Structures are given as structure tokens and as C-alpha cells.
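Peer 1: The sequence and its predicted three-dimensional model are supplied below.
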Amino acid sequence: MSLFKKHLSNGSFSGSIMADYEVRVDRKKCIGAGFCEKLVPRMFKVDAKNRATLNNGVVVGDEAVALTVGDTDLKDSVMAAKVCPSYAISVANKATGENMLDIEPEMHIPVKMIDAHYDSMKEWSMDPLGFFTIKPFPDEGLIRVRYYNAKHQLAAEIEGKTAEELYNTICREGLVSGLSHAAYLGSELQKAEIAIKKRLLYVQDDPLKI
Ligand code: SF4
């Protein structure tokens, strides 16, 4: 169908020749987690048996579904395959058989065993970009976040319904500079969301009393 393009490891393509690719879902491996459908609903669907299938796909062999796609859908197919926790989705170049996923789940490498630890007195440091206060409003189903800049001036108010939309917005706006601070925000915002749903008292930095 299409001209072949060279696949690069960063998921982009170069050259002018395009190709056909086979996206395949092995329904025996699928655990119905639904990440593929959430990411690319135009291609993937979790059916009544709680297994993924491909829209307009054809049944192949024993409980597999396959679909031929061109370059336009290749990136999304690869993305869906990479988030599948049970490696149920494969993507291959139809002409060459090349596996388009640069992942190697079957290859075993030495696994590090790491004990988690954190000493807030020694390890905590102020984010040079500033800090946040978080307040849930259960009656409105909203969480309001106030962002104070490095000079402790209120610089932004961010309002949302879920932790996910709030921390992604905060990251997109460039209001955090450290991974640790971003992780802290995610954790606090998730607590605030649970507090709204369960009608619990939320106090920033304190554990929820469940
Ligand atoms: S992400 Fe994988 S396990 Fe989850 S529904 Fe899709 S194919 Fe199945």
C-alpha cells in the first residue's frame, strides 16, 4: 500500500518509502487492562469478554486479531503496544517481519534490589521555582491549587477535578523543576481526590485518616 520509510529508534521515520505494518492482539495474553483503548480508541476496543480487539481487524489463528496499517497509524500502534502490561500487542513490518517495538521483555538482565528510604530532614530541598498549596472543595467536586513563585508571591491558581489533570497541567505550565517535587504533587493531589470522593478531611502533608 504505502512507500517504505526507515524506522528510527525514537519512533520517528525518515526516507520516502512507506510500508504496511501488521498490528496484532494476542487475546490469550490480554488481561483487559484497557490501556490500549484509552490511548488509541479508534483502533483498540475492549469487548464484552474483557479482551482487546482491533476495530476492523480480522481473526487470525487461535484468539488473535490482526489489522494492517500504514505509516499514519504506526506511531499510535507502537505507543499502544508499549503500554500494554502483558505484551499482548505486536507490531511488525509486513514485508520484512521487522519487529517495530524496540523493547525486549523476554531478555533477562540483572535486576537491582533497592530498599526505599527517604530522610526529609537531610534530603528535602526547596524547588527553586516555588511551592503549592492544595485545597479540595468537596461540594463542588473541585481541587484548587495555588502556585507561589520563588518570591512567595501568588502567581497562579489552577482548578481541576482530578489529580491527573492537575499535575499534568502543572507540569505542562512548567511550574515544577524537580522530579521529587512533581512526585510529591502527584501524591498530594491524589490524596485530595480521594478525600473528595470519600468525604474525608484533607490536610496537606498529613496522611488521610481512612
Ligand atoms: S493494554 Fe494490553 S492487556 Fe490491556 S486491554 Fe489492551 S491488549 Fe489487553
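Peer 2: Okay, I see it.

Peer 1: Which single helix of the chain contains the most residues?
Peer 2: In the chain, assigned by DSSP state H, the helix with the most residues is helix 179-198.

Peer 1: What is the burial count for residue 206?
Peer 2: Neighbourhood size, residue 206 [other CB atoms under 10 Å]: 9. C-beta coordinates here come from the backbone N, C-alpha and C atoms, glycine included.

Peer 1: Strands along the protein, start to end?
Peer 2: Along the chain, counting by DSSP state E, strands occupy 6-7, 13-14, 21-26, 44-46, 52-54, 58-60, 64-69, 89-93, 131-137, 142-148, 154-160.

Peer 1: Close to the ligand: what parts of the chain are there?
Peer 2: 25, 30-36, 44, 46, 52, 84-86, 88-89 (CB under 6 Å from any ligand atom).

Peer 1: Buried by neighbour count, from the residues you listed: which ones?
Peer 2: 25, 30, 33, 35-36, 44, 46, 52, 84, 88-89 (16 or more other CB atoms under 10 Å).

Peer 1: remind me which residues of this structure are low pLDDT?
Peer 2: For the chain, the stretches with pLDDT under 70 are 1-17.

Peer 1: can I see the domain layout of it?
Peer 2: 6-93, 120-198 (automatic domain parsing).

Peer 1: Columns distance to residue 208 on top of those, output as JSON lines?
Peer 2: Formatted as JSON lines, the domains of the chain follow (distance: least, CB to CB, whole Å):
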{"stretch": "domain 6-93", "distance to residue 208": "26"}
{"stretch": "domain 120-198", "distance to residue 208": "6"}
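
Peer 1: can you list the strands of the chain in TSV and add distance to residue 114?
Peer 2: Converted to TSV, the strands of the chain look like this (distance: least, CB to CB, whole Å):
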stretch	distance to residue 114
strand 6-7	34
strand 13-14	37
strand 21-26	32
strand 44-46	34
strand 52-54	33
strand 58-60	41
strand 64-69	37
strand 89-93	29
strand 131-137	28
strand 142-148	31
strand 154-160	33
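
Peer 1: Those: which one's closest to residue 202?
Peer 2: strand 131-137 (5.1 Å; CB to CB).

Peer 1: Report the contact partners of the residue positioned nearest the centre of the chain.
Peer 2: Against the mean C-alpha coordinate of the chain, by CA atoms, centre = their mean, the closest residue is residue 83 at 7.5 Å. Neighbour list for residue 83: 35-36, 39 [criterion: CB atoms under 8 Å, 6 or more residues apart in numbering].

Peer 1: Equivalent analysis for residue 154, please.
Peer 2: 146-148 are the contacts of residue 154 under CB under 8 Å, 6+ apart.

Peer 1: Of those, keep whichever come out buried.
Peer 2: Neighbour counting over those (16+ other CB under 10 Å) leaves 147-148 as the buried ones.

Peer 1: wait, which of the contacts of residue 154 is closest to the ligand?
Peer 2: Checking the contacts of residue 154 against the ligand with CB to the nearest ligand atom, the nearest one is residue 147 at 34.4 Å.

Peer 1: Any idea how many residues pack against the residue lying closest to the closest one once chain neighbours are set aside?
Peer 2: Distances taken as CB to CB, 6 or more residues apart in numbering place residue 156 nearest to residue 147, at 4.2 Å, with adjacent residues excluded. Other residues lying near residue 156 total 15 when counted by other CB under 10 Å.
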